[in-house]
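Q: Here is a sequence together with a model predicted from it:
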Amino acid sequence: MLRLTLAALLAIVVALPGGASAAERTRVVVYKLKSTSELAAAAAQVNDALLLHLGRKDKITVLGEAEIQVMLGHEQDKQVLGCESDTKCLANLQTMIEANKVVSGHLGKLGSTYVVTLKLADADRALVVGVEGAEADNTEDLIAGVKAAADRLLGDAGSGAPKFVLKVAPEGTKAAVVDLKPHGVDGAIAQNLTELLTLELKKFEGLGVISREEIKTMLRFQAEKSALSCDDDTSCLVEIGGALGVDYLVTGSVGKLGDSFVVTLKLMDVHRATVASRVSESVRADAAELAFTLRFATWRLLGRPLDGTGSIRVRSNIGDGQITMADNVREFSETTTLKSLPVGKYGMTLASDGYYPLYKEAYVLDGQTTPLQMQLIEQPNEWYEEWWTWAIIGGVVAAGTATAFILANQEVDDGQININIQRPSATSSVMPRR
């Protein structure tokens, strides 16, 4: 794990478009929150949310520890491919960080309460200059508390940084996709979304995309060439090395926060060693429905317009019911299509008599129909609705009536009562069992 010391922070020379000038910006490095292994997934989610929050400030340039690791890994790949001598291929990684401030912290749990402590260190003086905390009973409230704590630590950091829009160079722009990290979810989900991310990025005209698998293939190829004494074949090295001379790295994560999946994407400018764009989308849905969430996040990441209309096709196991979306209620059958919806995220509740209501969210993209499966769970019958309840009650009532009748017909002798238990005759009425 990369753990930079304050004394070891490298120099950064970054020309930043729009907003405050480089001299006016506070340069902040955010370390990963320390936590136990049980809380590692929650800590990663809080870290991503904090970076996203600080990245929107127009007086801050922020870089996360995990983001630095991605850049260092990319540089190592290029060196393995013999790219050292190709100055065009090398990124200015040596100009990565000259931090004014460093934020570190810890996530723990006291009973059912999450507790986060954040520390702000002055890089020049190697001194902790501020401590803030946040606590909450759930991760959603915790993230809100951590954002507020960071704002208190950093003071006036501004807001409303200029919106990022990816501009494709006349000669083309190249990007490499790094595997999305899973946080508390199956690794297969992250891998599948990584593949989908690569395919989605390739749809943008002028953007050349290299997947992580393609990078691994080139690394294996280079190892084989070296074993065959191909070291002197400059052309093969330049050809492979040039393929990694990308302008951007695309990375991120997918995790679970409470009932919601969270997809976070980052676009990292290799030449400036900064994160050009960060986005995060949370959705209450099943893993099978994350594809549209990822596509929506990819468009936002690149600053592309999100307009147009689409549809949501809802399928369910119920025959009929009602579906409510933004205070609009409509009748529902087994399959219902909600049409002409503006692009964006929608939440809806499906309800039917005898079933628990279900709330889910879905994304709409221009000209596309989003499938949404809503499987309702049947409610159990109330105790007084069950046949066996009335069978027992009927038996108790019948027995009580017979006993009362017998008692009423006994004569009292010396204060004693004789009780005769009589078997019902064959013609007695007995409640049939169902």
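A: The structure has been received and is ready for your questions. Here the structure is a predicted model, which is why all the values come from computation and not from measurement.
Q: Report the contact partners of Ser159.
A: 56-58 (CB atoms under 8 Å, 6 or more residues apart in numbering). The way it works is simple: take the backbone N, C-alpha and C, and place the C-beta from them, glycine included.
Q: element containing it?
A: Ser159 belongs to no helix or strand when assigned by DSSP states H and E.
Q: one step back: ok, so of the contacts of Ser159, who is nearest Gly208?
A: Arg56 (28.7 Å; CB to CB).
Q: Next one, pLDDT for the closest one please.
A: We have a pLDDT of 88 for Arg56.
Q: can you check Asn317 too?
A: Confidence score, pLDDT, at Asn317: 94.
Q: Skipping adjacent residues, who's closest to it in space?
A: In this structure, Asn317 finds its nearest non-sequential neighbour in Gln375, 5.4 Å apart by CB to CB, 6 or more residues apart in numbering.
Q: Who are the contact partners of that neighbour?
A: Gln375 neighbours (CB under 8 Å, 6+ apart): 316-317, 358.
Q: Under the pLDDT cut-off, which ranges of this protein? List them.
A: Where the chain drops to pLDDT under 70, the residues are 1-24, 75-98, 160-161, 221-244, 382-434.
Q: how's it carved up into domains?
A: Following automatic domain parsing, one gets these domains for the chain: 6-161+172-283, 305-374, 386-434.
Q: Just the buried subset of the contacts of Ser159, written out for PyMOL, thanks.
A: Buried members of the contacts of Ser159, defined by 16 or more other CB atoms under 10 Å, are picked up in PyMOL with:
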select buried, resi 57+58
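Q: With respect to Val275, which of the contacts of Ser159 is nearest?
A: Among these, Arg56 lies closest to Val275 (CB to CB), at 11.6 Å.
Q: Helix or strand: which one has Ala276?
A: Taking DSSP H and E as the definition, Ala276 sits inside strand 274-283.
Q: list the helices and strands that strand packs on?
A: The helices and strands touching strand 274-283, judged by 3 or more CB pairs under 8 Å, 6 or more residues apart in numbering; DSSP states H and E, are helix 40-55, strand 60-64, strand 260-269, helix 290-301, strand 358-364.
Q: Would you format these as JSON lines with mean neighbour count and distance to Lys174 included?
A: Output for the helices and strands packed on strand 274-283, formatted as JSON lines (neighbours: other CB atoms under 10 Å; distance: least, CB to CB, whole Å):
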{"stretch": "helix 40-55", "mean neighbour count": "22", "distance to Lys174": "23"}
{"stretch": "strand 60-64", "mean neighbour count": "25", "distance to Lys174": "21"}
{"stretch": "strand 260-269", "mean neighbour count": "23", "distance to Lys174": "12"}
{"stretch": "helix 290-301", "mean neighbour count": "21", "distance to Lys174": "16"}
{"stretch": "strand 358-364", "mean neighbour count": "20", "distance to Lys174": "28"}
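Q: Now distance to Lys167 too, for the ones you listed, in TSV please.
A: Putting these into TSV (distance: least, CB to CB, whole Å) gives the following:
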stretch	distance to Lys167
helix 40-55	19
strand 60-64	19
strand 260-269	12
helix 290-301	14
strand 358-364	26
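Q: so which of those gets nearest Val70?
A: Comparison of the helices and strands packed on strand 274-283 against Val70 by CB to CB identifies strand 260-269 as nearest, at 6.5 Å.
Q: Who does that closest one pair with, and is each partner parallel or antiparallel?
A: Paired with strand 260-269 in the same sheet, following DSSP bridges, are strand 248-257 (antiparallel), strand 274-283 (antiparallel).
Q: got the CA coordinates for that strand in CSV?
A: Taking Å, rounded to 0.1, in the frame of the first residue of the first chain, the C-alpha atoms of strand 260-269 are listed here in CSV:
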residue,chain,number,x,y,z
SER,A,260,-28.1,1.1,-2.5
PHE,A,261,-25.4,0.3,-5.0
VAL,A,262,-22.8,3.1,-5.5
VAL,A,263,-20.9,3.4,-8.8
THR,A,264,-18.0,5.9,-8.7
LEU,A,265,-16.0,6.8,-11.8
LYS,A,266,-12.8,9.0,-12.1
LEU,A,267,-11.1,10.4,-15.2
MET,A,268,-7.4,11.1,-14.4
ASP,A,269,-5.4,13.4,-16.6
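Q: Which residue ranges of the stretch 101-250 of the chain form strands?
A: Ranges of strands in the stretch 101-250 of the chain, per DSSP state E, counting those that start in this stretch, are 101-110, 113-122, 127-136, 173-177, 181-183, 207-210, 248-257.
Q: That concludes my questions; thank you for your assistance.
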